[in-house]
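Enquirer: here is my input; please provide its structure:
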Amino acid sequence: MPLIYEGTVHFCYQYPLTISLPGKSRNHHIMNFPLTNLPERTSKPRQHGYTMVMDKGMGLEGVKDFLSVAAPFVDIVKLGFGTSHVTQHLREKIEIYRAHGVPVYFGGTLFEAFLVRNQVDDYLNVIKDYGIEYVEVSDGSITIPHVEKCGYIEKIAKHVTVLSEVGSKDATHIMPPYKWIELMRAELEAGSTYVIAEAREAGNVGIYRGSGEVREGLVQEILTQIPYEQIIWEAPQKAQQVYFLELLGANVNLGNIAPAEVIPLESMRVGLRGDTFYLFLDKELKEKTKNQ
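Expert: Prediction:
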């Protein structure tokens, strides 16, 4: 066991540990070094503090390599848009994720592709056949009357966990904040566990401007009505991730994270990257660094 004296941890181990350090903040991290003043991170299986990863077509060996370092920080993986339909060895790929305790779901575009072809029952059979426990219900590519969309959410939520996406993939379709709130609230009431704020994989529509800049007024107005724990903000760009970490803290739900960005994001979540270096230090430490 490690020996603890006055806030210092002396390790006898040569591998990572999940521990709690003494002091003002308690942590539940895989840590290779003793560091105080790290923010508390929720532990898997998390209710919030989600990192949702977008897999756009990784091969089996790539998935294994990715999970060998990142599995503790990945809460769920989306097989982006309709890639699952053209991915070879799909069952094996899903099983690799499942063996690492990481659930998988198909992108909302696939749901819409089945829906527009009047094949919703076929889609539900596919979900059952592949043992998928999460479904994304979205209307980013096609127009669905919202009452009808909520009906699908209510129906599907009786069988699996529903993530519903709000916002259009069309950059010219700008919704006012009250509409975002209205849609999010209705979808949560219909049975969605989380609502996903649309941004596409590029992060340049929905809650962002075409430049990738956050529509801050929209975000902050949404947060006056919708609990942040129930929103997954699609944030593929680093600046977007930093914005939400500064606004909502280490345990904000973030989505559409590229596999190669999971470890960098987790580092940012706990203040171990320059972008958030001072975010979680206590006042005494901040003042000390300023005076040096």
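
Enquirer: now the strands for the stretch 151-292 of the chain?
Expert: Applying DSSP state E, counting those that start in this stretch to the stretch 151-292 of the chain gives strands spanning 161-166, 194-197, 231-234, 254-257.

Enquirer: wait, which of those is closest to G49?
Expert: strand 254-257 (9.1 Å; CB to CB). Any C-beta I mention is one placed from the backbone N, CA and C, and that applies to glycine too.

Enquirer: for that closest one, name the packing helices and strands.
Expert: Packed against strand 254-257 by the contact rule (3 or more CB pairs under 8 Å, 6 or more residues apart in numbering; DSSP states H and E) you find strand 51-55, strand 231-234, helix 238-248.

Enquirer: deepest-packed of those, please.
Expert: Sort the helices and strands packed on strand 254-257 by mean neighbour count, taking mean count of other CB atoms under 10 Å, and strand 231-234 sits at the top with a mean of 26.

Enquirer: could you dump it to PDB, C-alpha only?
Expert: What follows is strand 231-234, C-alpha atoms only, in PDB (Å, rounded to 0.1, in the frame of the first residue of the first chain):
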ATOM      1  CA  ILE A 231     -27.100  17.400 -22.100                       C
ATOM      2  CA  ILE A 232     -24.300  16.000 -24.200                       C
ATOM      3  CA  TRP A 233     -22.600  18.900 -26.000                       C
ATOM      4  CA  GLU A 234     -21.000  17.800 -29.300                       C
END
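
Enquirer: paired strands for that strand, with orientation please.
Expert: strand 194-197 (parallel), strand 254-257 (parallel) (DSSP bridges).

Enquirer: need these in CSV with distance to N118, mean neighbour count and mean pLDDT, can you?
Expert: CSV is the format used below for the strands paired with strand 231-234 (distance: least, CB to CB, whole Å; neighbours: other CB atoms under 10 Å; pLDDT from 0 to 100):
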stretch, distance to N118, mean neighbour count, mean pLDDT
strand 194-197, 25, 25, 96
strand 254-257, 29, 25, 96
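
Enquirer: now those in TSV, with distance to S68?
Expert: Shown next, in TSV, are these (distance: least, CB to CB, whole Å):
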stretch	distance to S68
strand 194-197	27
strand 254-257	17
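
Enquirer: those strands: which one's closest to H173?
Expert: Per CB to CB, nearest to H173 of these: strand 194-197, 14.3 Å.

Enquirer: that older thread, now mean pLDDT and distance to R273 too, for the helices and strands packed on strand 254-257, in a markdown table please.
Expert: Formatted as a markdown table, the helices and strands packed on strand 254-257 follow (pLDDT from 0 to 100; distance: least, CB to CB, whole Å):
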| stretch | mean pLDDT | distance to R273 |
| --- | --- | --- |
| strand 51-55 | 98 | 15 |
| strand 231-234 | 97 | 18 |
| helix 238-248 | 97 | 9 |
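
Enquirer: hang on, the earlier thing: okay, the strands of the stretch 151-292 of the chain in TSV with distance to T83 next?
Expert: TSV is the format used below for those (distance: least, CB to CB, whole Å):
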stretch	distance to T83
strand 161-166	16
strand 194-197	17
strand 231-234	17
strand 254-257	13
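
Enquirer: nearest approach to G210 belongs to which of the ones you listed?
Expert: strand 231-234 (15.1 Å).

Enquirer: who touches that closest one?
Expert: 50, 52, 163, 184, 194-200, 203, 206-207, 219, 222, 240, 244, 252-256 (CB atoms under 8 Å, 6 or more residues apart in numbering).

Enquirer: how far off centre is it?
Expert: 6 Å (CA atoms, centre = their mean, to the nearest Å).

Enquirer: please renumber so the chain begins at 877
Expert: Right, with 877 as the first residue, what we last looked at is strand 1107-1110.

Enquirer: poorly predicted segments of the stretch 977-1126 of the chain, please.
Expert: Scanning the stretch 977-1126 of the chain for pLDDT under 70 picks out the ranges 1046-1047, 1077.

Enquirer: quick one: the helices in it?
Expert: Assigned helices in the stretch 977-1126 of the chain, in chain order: 984-992, 996-1005, 1022-1032, 1053-1066, 1092-1099, 1114-1124 (criterion: DSSP state H, counting those that start in this stretch).
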